[in-house]
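Trainee: can't give you the sequence, but here's the structure:
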């Protein structure tokens, strides 16, 4: 599965939750992925310093000043 396919799948599943089940909020969300190369072989993710990366954390989307000031 490509990143674009995963993105579309997540979009469709979230839309189903929202419209089909009336889910409006989440307390926490965890997504596990197993990255591979184009041949299906596992890859090891490393940061710019060469250190192993095994988790990514996000506090959600960037909030613009326009959101805060109702612009």
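Mentor: Looks like it arrived, so ask away. Here the structure is a predicted model, which means the values were calculated and not measured.

Trainee: Which residue ranges of the chain form helices?
Mentor: For the chain, applying DSSP state H gives helices covering 3-21, 65-68.

Trainee: Of those helices, which stretch is the most buried?
Mentor: Neighbour counts (mean count of other C-beta atoms under 10 Å) averaged over each of the helices of the chain peak at helix 3-21, with a mean of 10. Yep, even glycine has a C-beta here, placed from its N, CA and C like the rest.

Trainee: Number of residues surrounding residue 45?
Mentor: 12 (other C-beta atoms under 10 Å).

Trainee: check contacts around it.
Mentor: Taking C-beta atoms under 8 Å, 6 or more residues apart in numbering, we find residue 45 in contact with 35, 52, 53, 54.

Trainee: Can I get the residues you listed in a markdown table including pLDDT and neighbour count?
Mentor: A markdown table is the format used below for the contacts of residue 45 (pLDDT from 0 to 100; neighbours: other C-beta atoms under 10 Å):
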| residue | pLDDT | neighbour count |
| --- | --- | --- |
| 35 | 95 | 9 |
| 52 | 96 | 8 |
| 53 | 96 | 9 |
| 54 | 92 | 7 |
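
Trainee: Going by distance to residue 67, which of those residues wins?
Mentor: residue 53 (29.8 Å; C-beta to C-beta).
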